[in-house]
Each structure stands twice: as structure tokens, then as C-alpha cells.
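Undergrad: structural data only, the sequence is not supplied:
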């Protein structure tokens, strides 16, 4: 197994994703929120890049729920923002969630050329690593970053995942992510650029929830052919 990390979303076009499992990581907060919403009972999610596209899908199918943010704040007219706490402890009876965020949904769409697309966060990292080990394919880890730039928390999570995989070869990005993971305490991630932005908005509970490690058995997989993603299974 070869493991690579794409250190910023703008570098995706320089990597060959064909036949590989691409893992999207957006710890603050998209991949954490999707996982939490699906575990609460929503059946599936559909990532889009633009707010207007989300509203068009809702108009065509009024049963759909809309979730997302711009500048970390809930989009006016949407059912949900991008906080996992909106779903934690809830119990839904199915339903579809259309999602648009500044960073995470764009990263998912950028991975359409991969053989398989998986979403990961700190809460699900060990479960995702176990899933990847069983798949046995080369892995490309894609931190969603912050507005197209490197992000500490997503790269730390990528390094964590890389450390849990039986890699025969690490790319340079993976080696760098491993160093970030090995030399940065997890609690320091709250003070990354994105973490400080959430702090300024008073979203400390979101940060605490997103930084919990290994508490979820859920593995989220996105189907590039249908555009919908769902829980693959729970271990």
C-alpha cells in the first residue's frame, strides 16, 4: 500500500487519483458534521459547491434538507448550518441532506477521479483506518484545508491516519503529515487558523466535539456516480 497526503487542495490536479481511495478530511467541521448527521439517522448526503445549487435541488425535491455555511455561519434559508452539535443526540427517521461548505464539499467534488471516496475526521479515524486496511488499495489523503490553503488540523488527522496504515511507501506529503502528527499535541489544533476563527465565533463546544478522537465506528463513503454519500457500515 502506498500512502500519500495532498497538503493543500490546490495541488489535487497534480496527483493521479485513479484506482486509489481518496480520503477527504475536514475536521472543522464538514466531515465531522456529516458523520454525526448520518449516525443520528439521516440516510444520505449530497455535497454541492454553490448555495444556489442547493436551493435548486430543494425546489425540485422539497423533502430534502439543506445544510451548510459561508464564513462559518449558517446560510440563510437553510435547515442547518455546519455544526455537528445540531445533530448530536438527535434521532432522524431517514431523509436526504444537501450540503455546501467553503472547504469540505469542494474537496469531495475535487476527488471525483478517485477509485473510491471516503470521508474521515478525528472521531472516526481508527474506524476509517480499519476500513482502508481491509480495502488494501493505495490511499491518497486529502485535507480540505482553509480556503484553498494548508490547514493544521486536517493535516494532523491525515498524519494520524497514515500512522495507522500498513504503508509500504509514503509519499513526501505523507511524510510531512506524519511529522505534524507526531510533534503537535492534539489540543493545539484548537488554535489553528480555522480553530481561532471558530473561537472568535464562540464555537468552543464545536471545537471540543470535533477534537474527540476515535469515538465513532462510522465510515462515510461518497458515491461519485450518484453524487450521494452514506454510512458504509458500522464496525
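TA: Right, received. Where do you want to start? Everything quoted here is computed from the prediction, not taken from an experiment. Numbers count the residues shown, from 1 in each chain.
Undergrad: which of the residues in stretch 130-146 are buried?
TA: Buried positions in stretch 130-146, judged by neighbour count with 16 or more other Cβ atoms under 10 Å: 131, 132, 138, 139, 140, 141, 142, 143, 144, 145, 146. Quick note: C-beta positions are derived from backbone N, CA and C, even for glycine.
Undergrad: narrow the residues you listed to those in helices?
TA: Secondary structure from DSSP state H places 131, 132 of those in helices.
Undergrad: nearest to residue 31 among the buried residues of stretch 130-146?
TA: When the buried residues of stretch 130-146 are compared for distance to residue 31 (Cβ to Cβ), residue 144 wins out at 7.7 Å.
Undergrad: these two touch, right, the closest one and residue 32?
TA: No. With contact defined as Cβ atoms under 8 Å, residue 144 does not reach residue 32; the gap is 11.3 Å.
Undergrad: so what's in contact with these two at the same time?
TA: The contact sets of residue 144 and residue 32 overlap at residue 26 (Cβ atoms under 8 Å, 6 or more residues apart in numbering).
Undergrad: mind showing which ranges of the protein have poor pLDDT?
TA: Residues of the chain meeting the criterion pLDDT under 70: 233-235.
Undergrad: so what's residue 46 closest to, chain neighbours aside?
TA: Spatially, and ignoring its direct neighbours in sequence, residue 46 is nearest to residue 98 (4.9 Å; Cβ to Cβ, 6 or more residues apart in numbering).
Undergrad: quick one: secondary structure of the one you found?
TA: Using DSSP: H, G, I helix; E, B strand; the rest coil, the structure places residue 98 in strand.
Undergrad: in what helix or strand does the residue most central in space within the chain lie?
TA: The centroid of the chain falls nearest to residue 31 when counting by Cα atoms, centre = their mean (2.9 Å). Secondary structure from DSSP states H and E places residue 31 in helix 30-39.
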